[in-house]
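Enquirer: Predicted model and sequence follow; I will ask about them next.
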2 protein chains.
Amino acid sequence: MTFNEGAADGRLRGSTGVELSLVTVDLNIFTIREDQLAVLLVERANAPFQGRAALPGGRVRTDETLHEAAHRELLEETAIDGGRLHLEQLGAYGDPGRDPRGRVVTVAYLALGSRLPVPEGGTDAARAYWTPVSDVLGDPAALAFDHVRIVADALERTRRTLEYTTVATTFCSEPFTLPELRRVYEIVWGRDLDASNFRRRATRAEGFLEATGEHRPQAAGRPAALYRRGKAPLLSPPFLRSAS
Amino acid sequence: MTFNEGAADGRLRGSTGVELSLVTVDLNIFTIREDQLAVLLVERANAPFQGRAALPGGRVRTDETLHEAAHRELLEETAIDGGRLHLEQLGAYGDPGRDPRGRVVTVAYLALGSRLPVPEGGTDAARAYWTPVSDVLGDPAALAFDHVRIVADALERTRRTLEYTTVATTFCSEPFTLPELRRVYEIVWGRDLDASNFRRRATRAEGFLEATGEHRPQAAGRPAALYRRGKAPLLSPPFLRSAS
DNA sequence: TCAAAAGTGTTTTATCTACACCCATGA
DNA sequence: TCATGGGTGTAGATAAAACACTTTTGA
């Protein structure tokens, strides 16, 4: 079934005469791959924008919350189990011209995770692949709909969220080292941080890290201490982007 | 026209068989009145929740952006011209049970302004009135739908936004004094600030304030210098809530 | 000249910044 | 024993916190 079988004027319309809208969720799934921030894209199977790259997403069903819809699409379209991800709402996008089918309001979500798989096999997820966020933002026509703008907002949200919450750790697989966590900040913020000062702030922040007592041998040099995520959701004091 | 004239099962449904949703905007209009943070409420004219207090809002039309819809509802329901307000999107709320008519997704907006009028007269706006935010949040059943939760989110957003943007000035009528601006922070954050330290930070922040050179006589004491809003949208360095 | 409120200055304390230096490991 | 990268320590600069003090007005 396609969505452009609506009324004669092409608009989606409810049977009551009240103008209704198609509501979708779109997912900005971010992870760090090959030392870059990457976003998961899909090749669209259907019109409009068939064959074009887009954010994964789909219709919200009437019996689920928006958050549940995001979780479901995550699993269906990308075969990713959202259990270990950070998932937060980014906002609603509903400009009249954003979808040629008529008024479609999408609720964008931001999902952050570590070591996310490259989906494969015969499912919908087979059309999914990772792309560096910088590649997407460098080309205004890289994605279908207004998805480039949504990715830009998602990146800014991610940068700001790293300042005052502990979600940076969700980019790391447990256990992780402090230099790994620091590299997350460097990649997302696009600037180098002083290792010494980063360590001091990260270890001082209450509930951010939990030392395991173990160490991980490196390719070269001294083994790094291993940590797990702490229990605090917020970073206090926050890490400001301007600080080193 | 009411919205519950849908299909036999009561659900809103598109003519194509695709399940569609009613999309609305709801406005959290905050101002400072009588030394308190106040939110504008309306008495609902129609079912559901007829006669109950709720956030002002209404349906999004197919030919307008979500932002435009918020501006239009602001004018229609409250007779407030949004020109001088700060208006930003808060997020989408779409739990299945939030509206007895079926799936209704609302996009909540946050509007901040100063010296907003008490709407009067024979219009829709006559049903609108100001209430202290603390009164609303003290009673989980104070408002229709999930509006109490939305107001709670709006308050938290307002508190955080004051930390890193210059929007606090939109709570003041120009020209304003530094003690007036400080009082805005104190009311929103719910804690007193050191006048001396506040002054230093506010005047040092680039683009926050513009001195007019004028002064305003007080009821008692030395006249206060008058300022206008500066041009910077962001506060750097930010004012953290923890700081005095 | 007194009260009140704006505005300035100062001391103490905490934090950031930059950078030197030490430690633990593999080759 | 050397290179490599993790980890510690520290001095100077910067900013916050608390509070004493001065200025300007109306009564």
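Expert: Structure received.
Enquirer: Just give me how far the helix or strand bottoming out on mean pLDDT in chain A sits from the chain centre.
Expert: Within chain A, no helix or strand scores below helix A:66-78, which has a mean of 91 by mean pLDDT, DSSP states H and E. How far helix A:66-78 lies from its chain's middle: 12 Å, per Cα atoms, centre = their mean, to the nearest Å.
Enquirer: Can you name the residue of chain A nearest chain B?
Expert: A:Leu20 (3.6 Å; Cβ to the nearest Cβ). The C-beta positions use only the backbone N, C-alpha and C, and glycine is treated the same way.
Enquirer: any idea of the pLDDT on that residue?
Expert: Per-residue pLDDT puts A:Leu20 at 88.
Enquirer: So it sits against B:Ser21, correct?
Expert: Yes: A:Leu20 lies in contact with B:Ser21 (Cβ atoms under 8 Å); the separation is 6.2 Å.
Enquirer: higher neighbour count, these two?
Expert: A:Leu20 (31 against 23; other Cβ atoms under 10 Å in any protein chain shown).
Enquirer: any low-confidence regions in chain A?
Expert: Flagging of chain A using pLDDT under 70 yields the residue ranges A:1-18, A:120-126, A:243-244.
Enquirer: A:Gly102 and A:Glu19: what is the separation?
Expert: Using Cβ to Cβ, to the nearest Å, we find A:Gly102 at a distance of 9 Å from A:Glu19.
Enquirer: Over to A:Ala38?
Expert: In terms of Cβ to Cβ, A:Ala38 sits 38 Å off from A:Glu19.
Enquirer: what's the answer for A:Asp99, then?
Expert: In terms of Cβ to Cβ, A:Asp99 sits 15 Å off from A:Glu19.
Enquirer: The two: who's more crowded?
Expert: When A:Asp99 and A:Glu19 are compared for neighbours, A:Asp99 comes out ahead with 24 against 20, by other Cβ under 10 Å.
Enquirer: residues contacting the nearest residue to the more buried one once chain neighbours are set aside?
Expert: Distances taken as Cβ to Cβ, 6 or more residues apart in numbering or on different chains put A:Phe145 closest to A:Asp99, at 6.1 Å, once the chain neighbours are dropped. Contact analysis of A:Phe145 by Cβ atoms under 8 Å, 6 or more residues apart in numbering or on different chains lists A:49, A:54, A:98-99, A:106.
Enquirer: My guess is A:Val39 contacts A:Tyr129. True?
Expert: No: using Cβ under 8 Å, A:Val39 makes no contact with A:Tyr129, being 10.1 Å away.
Enquirer: who has more neighbours, the two?
Expert: A:Val39 (26 against 13).
Enquirer: Could you verify that that one is part of a helix?
Expert: No: checked against DSSP: H, G, I helix; E, B strand; the rest coil, A:Val39 lies outside a helix; its state is strand.
Enquirer: What distance do you get for it to DNA strand D?
Expert: For A:Val39, the distance to DNA strand D equals 26 Å [Cβ to the nearest atom of the strand, to the nearest Å].
Enquirer: Find the residue closest to that residue in space, skipping its chain neighbours.
Expert: A:Val133 is the one closest to A:Val39 (Cβ to Cβ, 6+ apart), at 5.1 Å.
Enquirer: where along chain A do the strands fall?
Expert: For chain A, the strands defined by DSSP state E cover A:22-33, A:36-43, A:53-54, A:57-59, A:86-93, A:104-112, A:128-132, A:176-177, A:209-216, A:224-229.
Enquirer: so which of those strands gets nearest A:Pro237?
Expert: strand A:209-216 (14.7 Å; Cβ to Cβ).
Enquirer: what lines up beside that closest one in the sheet?
Expert: Paired strands of strand A:209-216, with direction, are strand A:224-229 (antiparallel) (DSSP bridges).
Enquirer: how about the strand it pairs with, does it reach DNA strand C?
Expert: No: applying Cβ under 7 Å from any atom of the strand, one finds strand A:224-229 out of contact with DNA strand C, separated by at least 10.0 Å.
Enquirer: How about that strand, which residues are buried there?
Expert: A:224-227, A:229 (16 or more other Cβ atoms under 10 Å in any protein chain shown).
Enquirer: Tell me which residues are up against that strand.
Expert: Against strand A:224-229 from outside (Cβ under 8 Å, 6+ apart): A:166, A:169-170, A:174-181, A:208-216, A:218.
Enquirer: What about DNA strand C: which of these touch it?
Expert: Applying Cβ under 7 Å from any atom of the strand to the contacts of strand A:224-229, those adjacent to DNA strand C are A:His215.
Enquirer: Buried subset of the contacts of strand A:224-229 as a ChimeraX selection?
Expert: Buried subset of the contacts of strand A:224-229, written as a ChimeraX selection, criterion 16+ other Cβ under 10 Å:
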select /A:166,169,170,175,176,177,178,180,181,208,209
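Enquirer: Bridge partners for the residue nearest the centre of chain A, pull those for me.
Expert: Among the residues of chain A, A:Ile29 comes closest to the average C-alpha position under Cα atoms, centre = their mean, at 2.8 Å. Counting by DSSP bridges, A:Ile29 forms beta bridges with A:Ala111.
Enquirer: I'd guessed it sits against A:Glu77; true?
Expert: No: between A:Ile29 and A:Glu77 there is no contact under Cβ under 8 Å: 9.5 Å.
Enquirer: what residues do those two have in common as contacts?
Expert: Common neighbours of A:Ile29 and A:Glu77 are listed as A:Pro56 (criterion: Cβ under 8 Å, 6+ apart).
Enquirer: For A:Asp153, give me its contacts.
Expert: A:90-91, A:108.
Enquirer: Then A:Gln218?
Expert: A:Ala224.
Enquirer: And A:Ala45, how far from A:Ala144?
Expert: Distance from A:Ala45 to A:Ala144, by Cβ to Cβ: 12 Å.
Enquirer: Next, the angle from the longest helix seen in chain A to strand A:22-33.
Expert: Counting by DSSP state H, the longest helix found in chain A is helix A:147-164. Orientation of helix A:147-164 against strand A:22-33 (axes from the mean of the first three to the mean of the last three Cα atoms, to 10 degrees) gives an angle of 60 degrees.
Enquirer: in helix A:147-164, what's buried?
Expert: Those would be A:147-155, A:157-158, A:161-164, for helix A:147-164 by 16+ other Cβ under 10 Å.
Enquirer: Closest one of those residues to B:Asp63?
Expert: For the buried residues of helix A:147-164, the closest approach to B:Asp63 (Cβ to Cβ) belongs to A:Arg149, at 20.1 Å.
Enquirer: nearest residue to the closest one other than its sequence neighbours?
Expert: A:Tyr93 (7.7 Å).
Enquirer: I am finished for the moment; much appreciated.
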